[in-house]
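**Student:** I would like to see how this sequence folds:
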Amino acid sequence: MKLLILDRDGVINYDSDAYIKTLEEWIPIPGAIEAIARLSRAGWTIAVATNQSGLARGYYDLATLETMHARLRQLVAEQGGEVGLIVHCPHGPDEGCDCRKPKAGMLKHIASHYAVELAGVWFVGDSSGDLEAARLVDCQPVLVKTGKGQRTLAKPLPAGTLVFDDLAAVAAQLLQ
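**Tutor:** Numbering: from 1, shown residues only. Next comes the predicted model:
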């Protein structure tokens, strides 16, 4: 199985320090939907692991989050692709869960769901927390410069981190 794991906000869609709270605020980054569809059509399984502490903070509810994910699936399907498992952490940063990145609970859940080892699987994110979660389970950390990526690039990165302009550039690399 060719598995690719993506963070959501800042990788697939624009991010906001004020949170993505509505379907209207969930706006794909140019090229991201097409990149997911191209990878899917080429036999890649695309999973998503996303921190969604806005749920714990009461900024939006689970139904709203599910509407955003349904829109993601719809847009990718319109391009002939498919999005696999989407897992989210609903907890706030101080709740001590094992799923919230930089912990690796969501990545382990994806591995269990697909019955695969994570060693070498690319995990694409835009934050230090994404890269740290990847490192904890021996995924290949991949940083995109979209979202918080430029800020993250200014910090020390885990050894071996790959850096790309955006998700479209990641797809181009994987498909060459």
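**Student:** shaky segments in this structure?
**Tutor:** Nowhere does the chain drop to pLDDT under 70.
**Student:** mind listing the helices in it by residue range?
**Tutor:** 32-41, 62-78, 105-114, 128-136, 149-153, 167-175 (DSSP state H).
**Student:** could you dump those to a markdown table with distance to residue 120?
**Tutor:** Backbone N, C-alpha and C define where each C-beta goes, glycine included. A markdown table is the format used below for those (distance: least, Cβ to Cβ, whole Å):
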| stretch | distance to residue 120 |
| --- | --- |
| helix 32-41 | 16 |
| helix 62-78 | 24 |
| helix 105-114 | 12 |
| helix 128-136 | 11 |
| helix 149-153 | 21 |
| helix 167-175 | 13 |
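**Student:** so which of those helices comes closest to residue 18?
**Tutor:** Evaluated over those, closeness to residue 18 peaks at helix 62-78, with 14.9 Å, by Cβ to Cβ.
**Student:** using CSV, write down the CA coordinates of the closest one.
**Tutor:** Only the C-alpha atoms of helix 62-78 are listed here, as CSV (Å, rounded to 0.1, in the frame of the first residue of the first chain):
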residue,chain,number,x,y,z
LEU,A,62,-18.7,18.0,15.2
ALA,A,63,-21.4,18.4,12.6
THR,A,64,-19.6,21.4,11.2
LEU,A,65,-16.3,19.6,11.1
GLU,A,66,-17.9,16.7,9.3
THR,A,67,-19.4,19.1,6.8
MET,A,68,-15.9,20.4,6.0
HIS,A,69,-14.6,16.9,5.6
ALA,A,70,-17.5,16.0,3.4
ARG,A,71,-16.7,19.0,1.2
LEU,A,72,-13.0,17.9,1.0
ARG,A,73,-14.1,14.4,-0.1
GLN,A,74,-16.6,15.9,-2.6
LEU,A,75,-14.0,18.2,-4.2
VAL,A,76,-11.5,15.4,-4.5
ALA,A,77,-14.1,13.0,-5.9
GLU,A,78,-15.0,15.6,-8.6
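**Student:** contacts for it next, please.
**Tutor:** Here helix 62-78 makes contact (Cβ atoms under 8 Å, 6 or more residues apart in numbering) with 12-13, 20-23, 26, 28, 33, 36-37, 40, 46, 48, 52, 55, 82-83, 86, 88, 90.
**Student:** which residues touch the longest strand seen in the chain?
**Tutor:** Counting by DSSP state E, the longest strand found in the chain is strand 44-51. Applying Cβ under 8 Å, 6+ apart, the contact partners of strand 44-51 are 1-9, 12, 36, 39-40, 69, 72, 76, 81-89, 100-101, 106-107, 110, 113-114, 123, 129, 133, 174.
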